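Undergrad: After the sequence you'll find the predicted model.
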Amino acid sequence: MDIIEAIYQRRAVRDFTEEPVSKDAIRLVIAAAGQAPSAMNLQPWSFLVLEGRAELERYSGSAKAHLLETMAPESPLARYRGHLADPDFQIFYGAPALIVICATSAEAGDAEDCCLAAQNLMLAAHATGLGTCWIGFARPWLDLPQSKNELGVAAHHMPVAPIIIGHPKAPPVPVPRRQPDIRWIGGAEEFDRQ
């Protein structure tokens, strides 16, 4: 699969088989993440791998409880309050593993560099037949001091990209995309831009 094909085919996966993801497969996608560009080549990321459906289900409960407790009524997330309050809703969707990309400092640009690493990770996973989904609901709980302590995350590290990974039950369904809004300034004549 070439990179353009992977970019156009990769979509979020929220339905996984029971098959665990091998440590070799996880190492491979993390190695691909580490090839991302970063400002001044600082590579300001670390990777936390959480495995096991039962553990992730427990973490899901803690993350949901934290969100419900701290969510402001005017938050855009408030529309998900019903889902979050449902004991059967698991924010990690039964995935066998979660990879959390953490910024190793709060320097300007470190979080963005971690986002670049996350895109590499998700594209590499797709290219090898795995499915991923970025789980934004998990970030606030992951960033709590007690959560960092429980998971062994350094206090100064900032969780940026919590990404579930597993074997998809079915290929992801293509989702329509809008045409990019492009604004040209200077350069070629107008007729060259069509």
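TA: Perfect, I can see it now. Residues are numbered from 1 along each chain as shown.

Undergrad: Strands of the chain, start to end?
TA: With strands called from DSSP state E, the chain shows them at 45-51, 97-103, 131-134, 158-166.

Undergrad: Let's check: the centremost residue of the protein is which one?
TA: Nearest to the geometric centre of the chain sits residue 134, at 2.8 Å (Cα atoms, centre = their mean).

Undergrad: residue contacts, the residue lying closest to residue 43 once chain neighbours are set aside?
TA: Excluding the flanking residues, the one nearest residue 43 by Cβ to Cβ, 6 or more residues apart in numbering is residue 34, at 6.8 Å. No exception for glycine: its C-beta is placed from N, CA and C like everyone else's. For residue 34, the contacting residues are 43, 45, 117, 120, by Cβ atoms under 8 Å, 6 or more residues apart in numbering.

Undergrad: Narrow those to those in helices?
TA: Those of the contacts of residue 34 mapping onto helices are 117, 120, per DSSP state H.

Undergrad: export the contacts of residue 34 to TSV and tack on neighbour count, distance to residue 20 and pLDDT?
TA: Output for the contacts of residue 34, formatted as TSV (neighbours: other Cβ atoms under 10 Å; distance: Cβ to Cβ, whole Å; pLDDT from 0 to 100):
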residue	neighbour count	distance to residue 20	pLDDT
43	17	28	96
45	25	24	98
117	26	23	98
120	18	22	98
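
Undergrad: Residue 3: which of the contacts of residue 34 is nearest?
TA: The closest of those to residue 3 turns out to be residue 120 (Cβ to Cβ; 10.3 Å).

Undergrad: returning to what we had before: distance of the residue nearest to residue 43 from residue 167?
TA: Distance of residue 34 to residue 167, given as Cβ to Cβ, to the nearest Å: 23 Å.

Undergrad: remind me which residues of the chain are low pLDDT?
TA: For the chain, applying pLDDT under 70 flags the ranges 188-194.

Undergrad: mind listing the helices for it?
TA: Taking DSSP H as the test, the helices found in the chain are 3-9, 23-33, 53-70, 81-85, 110-127, 139-142, 145-151.

Undergrad: If you count contacts, what does the third one end up packed against?
TA: If you count contacts as 3 or more Cβ pairs under 8 Å, 6 or more residues apart in numbering; DSSP states H and E, helix 53-70 packs onto helix 81-85, strand 97-103, helix 139-142.

Undergrad: show me the contacts for the nearest residue to residue 80 once chain neighbours are set aside.
TA: In space, not counting the residues next to it along the chain, residue 80 is nearest to residue 137; the distance is 7.8 Å by Cβ to Cβ, 6+ apart. With contact taken as Cβ under 8 Å, 6+ apart, residue 137 is in contact with 63-64, 67, 77, 80, 84, 91.

Undergrad: How about residue 135?
TA: Here residue 135 is in contact with 91-92, 98, 162-164 (Cβ under 8 Å, 6+ apart).

Undergrad: related to what we said a few turns ago, can you pull the phi and psi angles for the residue nearest to residue 43?
TA: Here is the backbone geometry of residue 34 (degrees, to the nearest 10): phi -70, psi -10.

Undergrad: Could you tell me how far it is located from residue 134?
TA: Residue 34 is 18 Å from residue 134, where distance means Cβ to Cβ.
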